[in-house]
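Trainee: Whatever this is, show me its structure:
(chains A and B, ligands or ions: 4)
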Number of protein chains: 2
Amino acid sequence: MKLVIVGGVAGGASAAARARRLSEDAEVVVFERGPDVSFANCGLPYYVGGEIATRDKLLVVTPDRLRERFRLDVRTRSSVEAIDRARKVVRVRDLATGREYEEGYDKLILAPGAAPVRPPLPGIDLPGVFTLRTLQDVDRIKARLDAGVARAVLLGGGFISLELAENLARRGVATTVVEKNDQPLTPFDPEMTTPVVAALAANGVTLRLGDTAEAVESAADGLCVRLKSGLSLPARLVVFGVGVRPENALAVGAGLAVGPRGGVRVNEHMQTSDPDVYAVGDAVEVTDFVTGEPAQVPLAGPANRQGRIAADHALGRPAARYRGTQGTAIVRVFDTVAAITGASEKVLRRAGRAYRKVYVHPAHHAGYYPGAEGMTLKLLFDPAGGKLLGAQAVGGAGVDKRIDVLAVAIQAGLTVFDLEEAELAYAPQFGSAKDPVNMAGFVAAGLLRGDHPQVDAEAALGGYFLLDVRTPAEFAAGHIPGAVNVPVDELRGRLAELPRDRPVAAYCQVGQRGYLATRVLLQAGFRAANVGGGFATYRLHHPGRESSH
Amino acid sequence: MKLVIVGGVAGGASAAARARRLSEDAEVVVFERGPDVSFANCGLPYYVGGEIATRDKLLVVTPDRLRERFRLDVRTRSSVEAIDRARKVVRVRDLATGREYEEGYDKLILAPGAAPVRPPLPGIDLPGVFTLRTLQDVDRIKARLDAGVARAVLLGGGFISLELAENLARRGVATTVVEKNDQPLTPFDPEMTTPVVAALAANGVTLRLGDTAEAVESAADGLCVRLKSGLSLPARLVVFGVGVRPENALAVGAGLAVGPRGGVRVNEHMQTSDPDVYAVGDAVEVTDFVTGEPAQVPLAGPANRQGRIAADHALGRPAARYRGTQGTAIVRVFDTVAAITGASEKVLRRAGRAYRKVYVHPAHHAGYYPGAEGMTLKLLFDPAGGKLLGAQAVGGAGVDKRIDVLAVAIQAGLTVFDLEEAELAYAPQFGSAKDPVNMAGFVAAGLLRGDHPQVDAEAALGGYFLLDVRTPAEFAAGHIPGAVNVPVDELRGRLAELPRDRPVAAYCQVGQRGYLATRVLLQAGFRAANVGGGFATYRLHHPGRESSH
Ligand SMILES: Cc1cc2nc3c(=O)[nH]c(=O)nc-3n(C[C@H](O)[C@H](O)[C@H](O)COP(=O)(O)OP(=O)(O)OC[C@H]3O[C@@H](n4cnc5c(N)ncnc54)[C@H](O)[C@@H]3O)c2cc1C
Ligand SMILES: Cc1cc2nc3c(=O)[nH]c(=O)nc-3n(C[C@H](O)[C@H](O)[C@H](O)COP(=O)(O)OP(=O)(O)OC[C@H]3O[C@@H](n4cnc5c(N)ncnc54)[C@H](O)[C@@H]3O)c2cc1C
Ligand SMILES: CC(C)(COP(=O)(O)OP(=O)(O)OC[C@H]1O[C@@H](n2cnc3c(N)ncnc32)[C@H](O)[C@@H]1OP(=O)(O)O)[C@@H](O)C(=O)NCCC(=O)NCCS
Ligand SMILES: CC(C)(COP(=O)(O)OP(=O)(O)OC[C@H]1O[C@@H](n2cnc3c(N)ncnc32)[C@H](O)[C@@H]1OP(=O)(O)O)[C@@H](O)C(=O)NCCC(=O)NCCS
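Mentor: Numbering: from 1, shown residues only, chains lettered A, B, ... in the order given. Ligands and ions are numbered 1, 2, ... in the order given. Below you'll find the predicted structure:
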């Protein structure tokens, strides 16, 4: 049995190591175009910024280690140029010598990853214009930085760009991020990125939304990025982080099926349209676990696990199957953490799927214990039955935990009613007796049980009598335009002030007092609804749009 | 509808608030014996130590707030002395005036909590001897501390005692913890408490295991605790934290069923043997979610949720049901964090339940990113099918997250095979592409698939040829007595040195190289097994028992 693997990093190296553990006899050849295998792509931005101090930290495993420990035939600087499926051989080019040769396989695993998109713009090849994928990219970026860079422009507001922006800011580089959409981090729903936008601003990173590069030009002291808006941004460093496209040239050349966005098509065993050829990682099209639609989700966890599954199946374990990708992802931008799992509201809307949503804004641990940090947790769920469809959180500490808990809940097919009863670890440093996950479950379950009609904070509120049930001081510090203030503790005594001829939308800061107010009003015969997630959610949707007096 | 609630803290206040949200019309009376409602019991140790700086932080909600916001008839310093179930009245004693009166109810919820056990020892009532449950207890302890305490003795090595020990150490008090078992934190399996024991020692807290108090005596400059071992410990502060017993006097007096350990018997709706009387929180006997056995689990999360469920059911929501308790709990002892969910090995053994177990020792986030902290994660699962039965973790950062993830996995009935495919949030600050939860799943799944026979690290290893596959340097720094060192990377070339007439037990530091070695050996025709969790697990079981040269 001879297994050939193309690509020696996340998916490829994982497949190779797993193959050896399964079989001492298998011949396993790993071809890697670059000089390194098994490096930590995900650490690259932090090496740029210096938090990861030494380059060798990024080399998780060396080719020699793979050879010694796993008896793998690892060939670096070796590019696989073509696959001849009929003869079951790959054509390899040794980049050091230029020599080309063929290598036969019984099973082939493609783990070539994805390449950063380089839009065909004037000036994209100028010195000082980079993308960030490999150690060599980082070496070049660092060399440029070390030579002195006062200003940088990052194109694209995705995960990698924002991580890089943080690290450039850390080095004192004035950085502008340009994103063509009206939000950064497009896998998230827009309102959930509001705190990220604020974090960038608070840390001196300029974010230009709804704009895009038209050209990069040489300027007296470096470069200049000309934007569609007409603006010209001077910079000595320009990095394009506008997404990746699957490295599908080998697959396409060999006539393997690829999806409309270029991902190699695979079945649940990670087999391509040729059962002897597998593909894994950033190169493939996966099935979205929640929507069942094809998706491309370039993330390290799925790549690693897919590599393991492909090896299993290739080495004779027919039960090995990949269950689809949830898109669980996380990013830290300065002190702000944003994480997501499952479907976003955007995705659900696009898929025409019915959903409801709630927001809670709890502290990450007991409020009475010092150091509690706030977070916003958004839950998306099926209106019929309450099955979880997705979750997003943004805040600081504890965001990762809640998204991981919800990721497993989604994997398990749990409902919001199950979240009400989740029994999570509580001591004051770690959570609350009613954890944020429970809270979100309570609110969602109450919604589905009909205890509190909800009006979404971004909805048109014009038809409602808008009732702010916070304290006068909170009201004065900012409220939704047109709202009338009756503090919740006075509400029962002041019902006569409220209209019975039109619906009342009650709101407070986070939704909790608004919910109580809604209960009071409903039981007093009013038509009432709670503004979901309260003023805090309203502000995420409408940063800046509020009245104060 | 008139709802009467006995007890105004976790379970009682939650039931009361929920009742009001459900019904504006219900008359809700809350009787609380103490002066406070809704206080943060769980914060008390940190107020002793000063991390929580002000006392009012501990008052989560005041009686006035409950009155104003929820229109609750809150009566503090009011002790319910008896229940007359036939007439549906409770007898109440106003502790301020001594007046006694009756209050009728339609539904009654008992949330009286539990009382610290005060063993009937000579000297237990001496000044300077305390238990810790209420704000008044803390006031007394703090007053004593402020008067100058150089030495303290804490009886019992449970969660509260260890939290208190940390806080006394913080104040510079020389503290000894005396625990009658041979481990602290008895809900945990003993080996998982080894790092906690080390943390206490490293921070100057003396822990005496297998010993217990026989008497407290007055001494020249304070007190002296006489132990069973004969030792006498001088102290100016003595705190008994040897467990709690359900406050069941009311229930017993009213002829309600109680379990053998005193917990009030309830059904899944939290109804006692009288359907108009509910009981919740520390006072009740619950069903262990994993074993199905009756259990007493005095924790705040369950108490809060049970209160909510009892209110629901009492106010006409017949579907409200409690699903049983997993015993998810966490404690921080200085920088060491220990957490548990589901059944321990002890509990499974006692229940005669078949189980397997694995240990992993991963870093809490990517090793290449600075600040990674180690942890030990133990998984218990069903040998047939792999269903999760329990998990324990000990380490620092990230322990809480993994236990919460596993708590939900247990709630959902997931298997170790599901954990292999958990898709958790990964960026270098938060986890690894293969998260500790995945790793534990991999190892457990491999065990069940038969890929690697495992010998438990605490087992008698005498029958095995003990093979240490770590580096010579690791071997020299300490190994299992009798082991022979062949580094894994040399193993394939040195198979001739190994016996074929007896089984080989391979081990490394954490189990990973030992697993590879086991695979190599098995495929080379040896009888081989991996020492589960490696030397690290061995050392948890046998702190100190190792050879070095
Ligand atoms: C800066 C950065 C930060 C990231 N941060 C995160 C994060 O925080 N969390 C997360 O989950 N993911 C993150 N990712 C994404 C993650 O690194 C990828 O999803 C993962 O590496 C994909 O694995 P893969 O095996 O498919 O591809 P890769 O890891 O890219 O490996 C593919 C390898 O194949 C080689 N190759 C390609 N074609 C050929 C050929 N024809 N012949 C020989 N070799 C070939 C390439 O040289 C490459 O080394 C980040 C990526 C980057 C670049
Ligand atoms: C120091 C300490 C630290 C803790 N730390 C944690 C932790 O980190 N995590 C965790 O999950 N749990 C922790 N707990 C446990 C948690 O506080 C309890 O599980 C929880 O409070 C139980 O809620 P309950 O409503 O059943 O009882 P309680 O909260 O104790 O409330 C019962 C109330 O009923 C009153 N009462 C009793 N009898 C009568 C009567 N006859 N008439 C009128 N009133 C009456 C009592 O005065 C008491 O105030 C801790 C407890 C303590 C003491
Ligand atoms: C380094 C690399 C080659 C490792 O591959 P690997 O050996 O499959 O993976 P790990 O080192 O994570 O080890 C996992 C294996 O060890 C086993 N293991 C881990 N801890 C164990 C323990 N305590 N006892 C027994 N086995 C253990 C697991 O069961 C698993 O084996 P299995 O797949 O046969 O079940 C590969 O993951 C890689 O190249 N990573 C870096 C690149 C990368 O991922 N980049 C993107 C993210 S930055
Ligand atoms: C303070 C106390 C009275 C609160 O009771 P409570 O009002 O039921 O609980 P919370 O304040 O946690 O709020 C939960 C309610 O707010 C709702 N809520 C929370 N956030 C919301 C939001 N953003 N939008 C709408 N509703 C929200 C929840 O749905 C839930 O209502 P429900 O039960 O009707 O579904 C009670 O928990 C208590 O006494 N706690 C302190 C004592 C204690 O627990 N000690 C032990 C631990 S230290």
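Trainee: C-alpha only now, for contacts and for neighbours.
Mentor: OK.
Trainee: can you pull the pLDDT of the closest residue to ligand 3 within the stretch 351-500 of chain A?
Mentor: Taking CA to the nearest ligand atom as the measure, the point where the stretch 351-500 of chain A comes nearest ligand 3 is residue A:400, at 17.2 Å. If you check residue A:400, the pLDDT there is 98.
Trainee: One more: residue A:507?
Mentor: pLDDT, residue A:507: 97.
Trainee: got it, and the one 10 residues further on?
Mentor: In the predicted model, residue A:517 carries a pLDDT score of 98.
Trainee: again, but for the one 5 residues further on
Mentor: Listed pLDDT for residue A:522 reads 97.
Trainee: Once you drop chain neighbours, what's closest to it?
Mentor: Distances taken as CA to CA, 6 or more residues apart in numbering or on different chains place residue A:528 nearest to residue A:522, at 5.9 Å, with adjacent residues excluded.
Trainee: Could you do residue A:335 as well?
Mentor: The nearest residue in space to residue A:335 (CA to CA, 6+ apart) is residue A:396, at 6.2 Å.
Trainee: same thing with residue A:429?
Mentor: residue A:365 (5.9 Å).
Trainee: Under a three-state scheme, what state does the one you found occupy?
Mentor: Classification of residue A:365 by DSSP: H, G, I helix; E, B strand; the rest coil places it in coil.
Trainee: gap between it and residue B:256?
Mentor: 37 Å (CA to CA, to the nearest Å).
Trainee: Which of these two has more residues huddled nearby?
Mentor: A side-by-side neighbour count of residue A:365 and residue B:256, using other CA atoms under 10 Å in any protein chain shown, places residue A:365 first with 25 against 18.
Trainee: Hmm, residue A:425 and that one touching each other?
Mentor: No. Counting by CA atoms under 8 Å, no contact exists between residue A:365 and residue A:425, whose distance comes to 10.9 Å.
Trainee: So for the two, which residues contact both of them?
Mentor: By CA atoms under 8 Å, 6 or more residues apart in numbering or on different chains, residue A:365 and residue A:425 have these common neighbours: residue A:431.
Trainee: wait, what's in contact with the residue of chain A found nearest ligand 2?
Mentor: Residue nearest to ligand 2 within chain A (CA to the nearest ligand atom): residue A:427, separated by 3.4 Å. Applying CA under 8 Å, 6+ apart, we find residue A:427 in contact with A:433, B:42, B:329, B:330, B:331.
Trainee: Enumerate the beta-bridge partners assigned to the last one.
Mentor: The residues listed as beta-bridge partners of residue B:331 by DSSP bridges are residue B:338.
Trainee: quick one: it and residue B:188, what's the gap?
Mentor: From residue B:331 over to residue B:188 the distance is 11 Å, taken as CA to CA.
Trainee: low pLDDT regions in chain A?
Mentor: By pLDDT under 70, the weakly predicted segments of chain A are A:544-549.
Trainee: Might you enumerate the residues of it proximal to ligand 2?
Mentor: Applying CA under 6 Å from any ligand atom, we find that chain A lies next to ligand 2 at A:426, A:427, A:428.
Trainee: tell me which element the second one falls in.
Mentor: Assessed by DSSP states H and E, residue A:427 sits outside every helix and strand.
Trainee: and the residue nearest to residue A:213 when sequence neighbours are not counted, what does it touch?
Mentor: Distance criterion CA to CA, 6+ apart; nearest residue to residue A:213, sequence neighbours excluded, is residue A:227 at 4.4 Å. Residue A:227 makes contacts with A:211, A:212, A:213, A:214, A:215, A:233, as judged by CA under 8 Å, 6+ apart.
Trainee: hang on, the earlier thing: what residues are up against the residue nearest to residue A:429?
Mentor: Contacts of residue A:365 (CA under 8 Å, 6+ apart): A:372, A:373, A:428, A:429, A:430, A:431, A:432, A:435.
Trainee: Equivalent analysis for residue A:304, please.
Mentor: Contacts of residue A:304 by CA under 8 Å, 6+ apart are A:10, A:11, A:12, A:14, A:15, A:281, B:433, B:434.
Trainee: when you scan the helix or strand where the third one lies, is anything in it near ligand 3?
Mentor: Taking DSSP H and E as the definition, residue A:12 sits inside helix A:10-22. Yes. Helix A:10-22 comes into contact with ligand 3 when judged by CA under 6 Å from any ligand atom, the residues involved being A:10, A:13, A:14, A:17, A:18, A:21.
Trainee: Wait, a helix at residue A:301?
Mentor: Yes. Inclusion of residue A:301 in a helix is indicated when three-state DSSP is applied.
Trainee: Nearest the geometric middle of chain A, what residue?
Mentor: Nearest residue to the geometric centre of chain A (CA atoms, centre = their mean): residue A:329, 3.9 Å.
Trainee: my guess is that residue meets residue B:426, correct?
Mentor: Yes. Between residue A:329 and residue B:426 there is a contact at 6.2 Å, judged by CA under 8 Å.
Trainee: how is chain A carved up into domains?
Mentor: Domain ranges of chain A: A:2-114+A:245-314, A:129-242, A:335-449, A:454-541, per automatic domain parsing.
Trainee: Is ligand 3 within reach of the second one?
Mentor: Right, domain A:129-242. No. For domain A:129-242 and ligand 3, the contact criterion (CA under 6 Å from any ligand atom) is not met; the two come no nearer than 10.6 Å.
Trainee: Ends of that domain, what's the gap?
Mentor: 13 Å.
Trainee: do that domain and ligand 1 meet?
Mentor: Yes. On the criterion CA under 6 Å from any ligand atom, domain A:129-242 is in touch with ligand 1 at A:132, A:133, A:160.
Trainee: for residue A:38, what are its contacts?
Mentor: A:8, A:9, A:10, A:13, A:59, A:60, A:61, A:62.
Trainee: what's the distance between the fourth one and ligand 4?
Mentor: The one in question is residue A:13. Residue A:13 is 45 Å from ligand 4, where distance means CA to the nearest ligand atom, to the nearest Å.
Trainee: The strand or helix carrying residue A:3 vs ligand 1: in contact?
Mentor: According to DSSP H and E, residue A:3 maps onto strand A:2-6. Yes. Contact of strand A:2-6 with ligand 1 (CA under 6 Å from any ligand atom) involves residue A:6.
Trainee: Parallel or antiparallel, list what pairs with that strand.
Mentor: Paired with strand A:2-6 in the same sheet, following DSSP bridges, are strand A:27-31 (parallel), strand A:107-110 (parallel).
Trainee: Using a markdown table, lay out the ones you listed together with mean neighbour count.
Mentor: Formatted as a markdown table, the strands paired with strand A:2-6 follow (neighbours: other CA atoms under 10 Å in any protein chain shown):
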| stretch | mean neighbour count |
| --- | --- |
| strand A:27-31 | 24 |
| strand A:107-110 | 28 |
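Trainee: for those strands, which one sits closest to ligand 4?
Mentor: Checking those against ligand 4 by CA to the nearest ligand atom gives strand A:107-110 as the closest, at 46.5 Å.
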